[in-house]
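Chemist: below is the sequence, then the predicted model.
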Amino acid sequence: AYRAALLSFDDDGSARYESDGLLVVGPDASGRKVIRASGSYAALAGNYPGVRVTEFPGRILAPGFIDLHVHFPQTDVIGSPAEGLLPWLEDYTFPHEARFADQAYAVAMAGVFLDELLRNGVTTALAFCTSHPHSVDALLEESERRGMRTIAGKVLQDRHSPEGVRDETQQSLVDTEALIRRWQGRGRLGYAITPRFAPSCTEAQLRGAGELAARYPDVWIQSHVAENQDEIRWVRELFPQSRSYVSVYGDFGLLRERAIYAHCIHIDDEDRALLRDTGAAAAVSPTSNLFLGSGFFDYAGARHVGLRYGLASDVGGGTSFSPFHTMLAAYYVGREGQTKPGVSLGPQHLWWQHTAGAARALGLEGVAGNLRPGCEADFVLLDPRATPLLARRTQQARNLDELLFAMIVLGDDRVVERVAVDGVITSKVPGPAA
Ligand code: GUN
Ligand code: FE
């Protein structure tokens with residue numbers, strides 16, 4: 001058991017904060033390591049007489065962050081400047097991903113990537129790999145070694161892609177099914193069917209992906225949609241029979257529960273309703289959208305229609321692994337929306353989008369992204385005095401919103417002091433990779 005301040009989330013997305021809390025971790029009836037209890041120290045401590053309590057004065061225990069959309073092979077693509085999405089893919093991303101044909105390189109980068117996630121307090125990621133099937137094995141084997149709940153998939157891209165990353169239609173589907181059988185539900189790991197985006201997939205490949213999605217309903221789906229105007233024009237030429245970019249995926253059976261679509265920027269209410277009604281969700285990637293000049297996610301539109309969404313880094317289009325940086329960028333995007341009739345995103349809602357809200361989008365509500373009893377024991381220990389300025393602002397905070405906002409605006413990996421994965425807490429988060 002751990003004694004510290006505790007941050008968790010209610011069903012309506014509001015935060016619950018216990019300034020002197022107790023978090024009790026242990027096996028449930030089936031032997032899974034979970035949160036057994038969380039709440040006020042004074043109320044709970046008496047119920048666990050023999051249990052050793054580790055005290056973390058001045059620290060905050062919070063759910064491990066969930067990154068709803070990130071590219072493992074783009075760790076070294078961060079900060080590559082380009083005039084928008086399509087040149088960025090051509091000039092930097094595809095050539096870099098081609099390097100993952102080398103399995104040893106993929107294995108080495110898996111370690112670098114997972115170190116970065118954990119250093120930043122991210123305990124679960126929905127990750128793109130490359131088109132090379134062994135890139136999935138590299139990432140999930142290393143995740144398994146660390147006990148992490150990672151969901152990942154081999155990218156499908158059988159057209160409009162250069163040699164080195166382009167795959168072959170039939171073989172790509174055979175490989176995907178083999179990877180589903182190897183990884184889906186192994187421990188806490190999951191598989192995601194991963195068409196890169198509609199322009200990079202033939203109709204046959206999208207149809208095959210949709211058939212697999214129907215045959216394996218527990219498997220996730222991840223792709224990109226409506227990120228950039230040039231991309232959208234291209235999709236309209238390639239799929240003239242579909243009403244919209246979103247509906248292309250619907251037409252191939254790729255909209256359902258557990259389907260996560262990155263960006264969803266340039267969409268209308270009909271698209272939002274289609275996503276909502278099929279149970280699909282949006283991965284909002286504000287640092288990527290700002291860096292690549294893609295546009296602004298319409299929070300007011302999403303709320304109005306009831307579209308589910310959560311936050312994502314989208315590294316390497318995104319500029320940071322840090323959930324604090326992503327939450328701050330989401331706040332900027334929400335502010336931009338206010339010039340139209342919009343919403344200002346409060347700090348509790350920003351944090352929820354990167355934890356319990358992201359878990360809900362993944363269909364993992366009550367399993368991940370929260371510190372309520374029954375949730376898996378993935379959490380972070382935060383030091384709200386990690387830097388001199390943050391210490392001052394923490395000291396001055398008069399309520400929870402002010403405290404959370406200070407961390408969102410001033411925080412980064414320095415705030416993440418320890419991380420617990422599957423109930424095992426690190427003595428200190430792994431240092432910067434050499
Ligand atoms: N669309 C297709 N591929 C990608 C990618 O790797 N990153 C982003 N941001 N958008 C994409
Ligand atoms: Fe992406």
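Modeler: Thanks, I have it. Numbers count the residues shown, from 1 in each chain. Ligands and ions are numbered 1, 2, ... in the order given.
Chemist: from now on I want contacts and neighbour counts done on CA atoms only, so please keep to that.
Modeler: Fine.
Chemist: was I right about Ile35 contacting Arg372?
Modeler: Yes. The pair Ile35 and Arg372 passes the contact test of C-alpha atoms under 8 Å, sitting 6.6 Å apart.
Chemist: ok, those two, which is more surrounded?
Modeler: Neighbours were tallied for Ile35 and for Arg372 using other C-alpha atoms under 10 Å; the higher tally belongs to Ile35 (26 against 23).
Chemist: from Leu85, how far out is whichever residue of the stretch 251-400 of the chain sits closest to ligand 1?
Modeler: Across the stretch 251-400 of the chain, the shortest distance to ligand 1 (C-alpha to the nearest ligand atom) belongs to Gly317, at 4.9 Å. Remark: distance between Gly317 and Leu85 (C-alpha to C-alpha, to the nearest Å) = 8 Å.
Chemist: so what's in contact with the two at the same time?
Modeler: Common contacts of Gly317 and Leu85, defined by C-alpha atoms under 8 Å, 6 or more residues apart in numbering, comprise Leu292.
Chemist: residues in contact with Gly253?
Modeler: 207, 210-211, 213-214.
Chemist: just the buried ones out of these, please.
Modeler: Neighbour counting over these (16 or more other C-alpha atoms under 10 Å) leaves 207, 210, 213 as the buried ones.
Chemist: skipping adjacent residues, who's closest to the first one in space?
Modeler: Going back to what we said before, that points to Arg207. Excluding the flanking residues, the one nearest Arg207 by C-alpha to C-alpha, 6 or more residues apart in numbering is Phe252, at 5.3 Å.
Chemist: who in the stretch 101-250 of the chain is up against ligand 1?
Modeler: Residues of the stretch 101-250 of the chain lying close to ligand 1 by C-alpha under 6 Å from any ligand atom are 196-197, 224.
Chemist: okay, and which of these map to helices?
Modeler: Of these, none are assigned to helices by DSSP state H.
Chemist: ok, and the most crowded of those residues?
Modeler: Taking other C-alpha under 10 Å as the neighbour criterion, Phe197 ranks highest of these with 22 neighbours.
Chemist: low-confidence regions, the protein specifically.
Modeler: Of all residues in the chain, those with pLDDT under 70 make up the ranges 337-343, 429-434.
Chemist: show me what the biggest strand by length in it is packed against.
Modeler: The strand spanning the most residues in the chain, taking DSSP state E as the definition, is strand 15-27. If contacts are counted by 3 or more C-alpha pairs under 8 Å, 6 or more residues apart in numbering; DSSP states H and E, strand 15-27 sits against strand 2-9, strand 33-40, helix 41-44.
Chemist: would a markdown table of the ones you listed with distance to Asn228 be doable?
Modeler: Formatted as a markdown table, the helices and strands packed on strand 15-27 follow (distance: least, C-alpha to C-alpha, whole Å):
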| stretch | distance to Asn228 |
| --- | --- |
| strand 2-9 | 33 |
| strand 33-40 | 41 |
| helix 41-44 | 49 |
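Chemist: of all the ones you listed, which lies closest to ligand 1?
Modeler: strand 2-9 (29.2 Å).
Chemist: and the spatially closest residue to Leu156 that is not a sequence neighbour, what does it touch?
Modeler: If you skip the residues right next to it in sequence, Leu156 has Pro195 as its closest partner in space, 4.5 Å away by C-alpha to C-alpha, 6+ apart. Taking C-alpha under 8 Å, 6+ apart as the criterion, Pro195 is in contact with 155-157, 201, 206, 209, 222-223.
Chemist: just those now: which is nearest ligand 1?
Modeler: Of all the contacts of Pro195, the one sitting nearest ligand 1 is Ser223; the distance, using C-alpha to the nearest ligand atom, is 7.8 Å.
Chemist: that closest one: neighbouring residues, count only.
Modeler: As a burial measure, Ser223 scores 24 neighbours (other C-alpha under 10 Å).
Chemist: wait, doesn't it sit right on Pro199?
Modeler: No. No contact is recorded between Ser223 and Pro199 when judged using C-alpha under 8 Å, the distance being 11.3 Å.
Chemist: list, one by one, the residues from the stretch 251-400 of the chain near ligand 1.
Modeler: By the rule C-alpha under 6 Å from any ligand atom, the part of the stretch 251-400 of the chain lying against ligand 1 is Gly317.
Chemist: again, only this time at 8 Å
Modeler: Taking C-alpha under 8 Å from any ligand atom as the criterion, the stretch 251-400 of the chain approaches ligand 1 at residues 262, 288-289, 314-318.
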